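Q: could you look at this predicted model? Sequence included:
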Amino acid sequence: MKLRQLINIIENADAPSYDNWDHEEAVSYSQYLEKHFGSPDEFTNEQAVWHNIDGFKRVVCKDEYILHGSPAPHYDFVYSYIDLEVDEDMSDELAKCSGSILIDHLKNEVGARCGSLTANAVTLNFCLDVVYGRAEPVPEEYEKRILGMKDMFAKGKKFELDWWPDESNDADPENPYYKENHEMIEGTRCWKGYEKKGMKTMFGKRVPNCVKREHVDYCVNCGDLVFSEEMDLHEDLKKWFKQKWVRFGPDGKIRGSCGGKSKGEGKPKCLPASKAYAMGKKKRKTSAARKRRKDPNADRRGKAKNVKT
């Protein structure tokens, strides 16, 4: 890589870009929305926002991955809002039905947070029916509607609502987005940028334990950054500089940036600064010692050896 290319990457590291998002599933869905609704009206390194699309007042896709266990284990990262006035007494009852229901009394709007526009439409339709007296505000009714939508999808049937146009065909089981990402959405395979590290139990169900791949290593004597072969070099360099990686040794002391070195320092362990400081000195000692046991050669070149932190 030429020096000018490296300088450009560093200078643009903080510019709003999907490269700066941490959650691949949020990126994938946001890009799916862009394909159907055009570029977002607002875009930052944390979220993409569209106004007045697909029957919603606002749609927000955030760079997050919130675990939600009802009515079945899934992750939330997309928000949809409508104008709806809710009595304060009724808002308490709705809140008990789902943590995905978001009520703002000052704006007289209601939001839903889930993993798709379809699930949000189901949630907001439930809120409409409760407010206008067509449904009881009980968790059982809400869960029945969500599970009913999922059952229709599994049987190849499209979920529909009178007020929701579904302009992106989000509720269509034949939607290419869901066909391409079916295993990841169903939780049987990891998203791009993640790798499977065994299995875990989540809400009574066995699912893959997906962890982010760490692409960056450092040769302390030769002074080179070492990247895994499968990475996108441009993307990961931007993330590396933005995260401000630091190095530490078996004594647990943070010695400076991952790239500097002192005489006789030996093989360091490198991590993003926020993670390294959060670990505490004792855990840094253990982590660095494990790194030296698994990857002792300070002069080693080539493919990175990612040692579990």
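A: Perfect, I can see it now.
Q: go through whichever strand or helix holds Asp92 and flag the buried ones.
A: Per DSSP states H and E: Asp92 is located in helix 88-97. By neighbour count with 16 or more other C-beta atoms under 10 Å, helix 88-97 contains the buried residues Ser91, Leu94, Cys97. (Glycine included, C-beta is placed from N, CA and C.)
Q: same deal with stretch 152-165?
A: Neighbour-count burial for stretch 152-165 flags Met152, Phe153, Phe159, Leu161, Trp164 (criterion: 16+ other C-beta under 10 Å).
Q: can you check stretch 16-28 too?
A: For stretch 16-28, the neighbour count (16+ other C-beta under 10 Å) marks Tyr18, Asp19, Asn20, Trp21, His23, Glu24, Glu25, Ala26, Val27, Ser28 as buried.
Q: tell me the one of these nearest Asp41?
A: Tyr18 (16.2 Å; C-beta to C-beta).
Q: adding secondary structure, distance to Arg134 and pLDDT, write the buried residues of stretch 152-165 out as a markdown table.
A: A markdown table is the format used below for the buried residues of stretch 152-165 (DSSP: H, G, I helix; E, B strand; the rest coil; distance: C-beta to C-beta, whole Å; pLDDT from 0 to 100):
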| residue | secondary structure | distance to Arg134 | pLDDT |
| --- | --- | --- | --- |
| Met152 | helix | 20 | 91 |
| Phe153 | helix | 23 | 86 |
| Phe159 | coil | 18 | 93 |
| Leu161 | coil | 13 | 95 |
| Trp164 | coil | 16 | 97 |
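Q: which stretches of the stretch 201-309 of the chain have low pLDDT?
A: Low-confidence segments of the stretch 201-309 of the chain (pLDDT under 70): 201-208, 212-243, 259, 298-309.
Q: for the longest strand along the chain, packing partners?
A: What stands out as the longest strand in the chain, according to DSSP state E, is strand 56-68. In terms of contacts (3 or more C-beta pairs under 8 Å, 6 or more residues apart in numbering; DSSP states H and E), strand 56-68 is packed against helix 24-37, strand 47-53, strand 74-83, strand 109-114, helix 117-131.
Q: between the buried residues of stretch 152-165, which is closest to Thr286?
A: For the buried residues of stretch 152-165, the nearest to Thr286 is Phe153 (45.5 Å; C-beta to C-beta).
Q: does Pro165 sit in a helix, a strand or a coil?
A: What DSSP: H, G, I helix; E, B strand; the rest coil gives for Pro165 is coil.
Q: do you know how far the closest residue to it other than its chain neighbours is from Asp162?
A: Nearest residue to Pro165, sequence neighbours excluded (C-beta to C-beta, 6 or more residues apart in numbering): Gly55, at 5.4 Å. Per C-beta to C-beta, to the nearest Å, Gly55 is found 10 Å from Asp162.
Q: which residue ranges of the stretch 201-309 of the chain form helices?
A: Using DSSP state H, counting those that start in this stretch, the helices of the stretch 201-309 of the chain run over 233-243, 273-279, 281-294.
Q: now for the second one, which elements pack on it?
A: Put plainly, it is helix 273-279. Here helix 273-279 touches strand 245-248, going by 3+ C-beta pairs under 8 Å, 6+ apart.
Q: and the strand it packs on, which strands flank it?
A: Applying DSSP bridges to the sheet, strand 245-248 is found paired with strand 254-257 (antiparallel), strand 269-272 (antiparallel).
Q: any residues touching it, and which ones?
A: 216, 218, 220, 254-261, 268-273, 276, 284, 288 (C-beta atoms under 8 Å, 6 or more residues apart in numbering).
Q: any buried residues in that strand, and which?
A: Those buried within strand 245-248 under the rule 16+ other C-beta under 10 Å are Trp245, Val246, Arg247, Phe248.
Q: again with stretch 125-132
A: Asn125, Phe126, Cys127, Leu128, Val130, Val131.
Q: okay, the buried residues of stretch 16-28 in TSV with pLDDT next?
A: Below are those laid out as TSV (pLDDT from 0 to 100):
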residue	pLDDT
Tyr18	89
Asp19	84
Asn20	84
Trp21	89
His23	85
Glu24	82
Glu25	84
Ala26	90
Val27	91
Ser28	90
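Q: skipping adjacent residues, who's closest to Leu94 in space?
A: Ile101 (5.1 Å).
Q: cool, and His68?
A: Here the residue nearest His68, using C-beta to C-beta, 6+ apart, is Asp76, at 5.1 Å.
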